[in-house]
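[1] sequence plus the predicted model coming up.
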Amino acid sequence: MSGLRGKILLLVTAVIVVAAGIVAGINGFRYWDDRRSEQSRTEAVDAADRTVSAMFTYDYRTVDTELPKAADRLSASFRDDYLKLIKQAIAPGAKEKQLSVRATTEARGVVSADRSHAVVLIFLNQVTTSQESPQGTSTGSRVRVTLDKSDDNWLVSQVTPV
């Protein structure tokens, strides 16, 4: 009897050890996955902040060189539309009215995110000076920023006023 009892005890111990290993593995994976997801959210918010600030900040004297630099952080399809908008509307208007705009982020937060796609809400404050208004005027706005991860970079694929 003691031989059978020993075998049963050994079997039960082995089952408990294997179950504990499985539980530890699952929990370890969940922890790792949560950390990666949190890192992705943080990276996406930072990328949205930097990119949107660069997209909305310009000086009429350097608008032709400043704004296209922000296009490096945009997805291919959005980049084309953005560069066209700069060339056809923003740069000519900025030069004509001698506009300088400084955009700063007042608040930002994740609407949704996973490891390869994110939507971020940004509250911007824009201070605009011009020949007509050299003291400057301040306006606030909200934009919804959609980002997609390409390789190791978060690229803005859409900016929508809210």
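    All right, it came through fine.
[2] check contacts around the most centrally placed residue in the chain.
    The central residue of the chain, meaning the one whose C-alpha is nearest the mean C-alpha position (Cα atoms, centre = their mean), is A44 at 2.4 Å. A44 sits next to 110, 113, 118, 120, 147, 149, 154 when contact means Cβ atoms under 8 Å, 6 or more residues apart in numbering. (C-beta placed from N, C-alpha, C; glycine too.)
[3] and the helices in this protein?
    2-55, 63-70, 76-85, 91-97 (DSSP state H).
[4] who does the third one touch, helix- and strand-wise?
    This means helix 76-85. strand 153-161 (3 or more Cβ pairs under 8 Å, 6 or more residues apart in numbering; DSSP states H and E).
[5] quick check: buried residues in the strand it packs on?
    For strand 153-161, a neighbour-count test (16 or more other Cβ atoms under 10 Å) marks 154-159 as buried.
[6] quick check: mean pLDDT of that strand?
    Averaged across strand 153-161, pLDDT comes to 96.
[7] on that earlier part again, hey, least reliable of the helices of the chain by pLDDT?
    The bottom spot among those, by mean pLDDT, belongs to helix 2-55, with a mean of 87.
[8] can you put the helices of the chain in CSV and add distance to E132?
    CSV is the format used below for the helices of the chain (distance: least, Cβ to Cβ, whole Å):
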stretch, distance to E132
helix 2-55, 24
helix 63-70, 17
helix 76-85, 23
helix 91-97, 7
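[9] between those helices, which one is nearest to N125?
    For N125, the closest of the helices of the chain is helix 2-55, at 10.3 Å, according to Cβ to Cβ.
[10] mind checking how far that closest one is from the chain centre?
    In terms of Cα atoms, centre = their mean, to the nearest Å, the centre of helix 2-55 is found 25 Å from the chain centre.
[11] let me know the angle separating it from helix 76-85.
    Helix 2-55 and helix 76-85 are oriented at 10 degrees to each other (axes from the mean of the first three to the mean of the last three Cα atoms, to 10 degrees).
[12] name the nearest residue to the residue nearest to the centre of the chain, ignoring sequence neighbours.
    In space, and not counting its chain neighbours, A44 is closest to A118: 3.6 Å by Cβ to Cβ, 6 or more residues apart in numbering.
[13] what's the answer for R79, then?
    Nearest residue to R79 in three dimensions, chain neighbours excluded: A71, at 4.8 Å (Cβ to Cβ, 6+ apart).
[14] which pLDDT value belongs to that neighbour?
    Model confidence at A71, expressed as pLDDT, equals 93.
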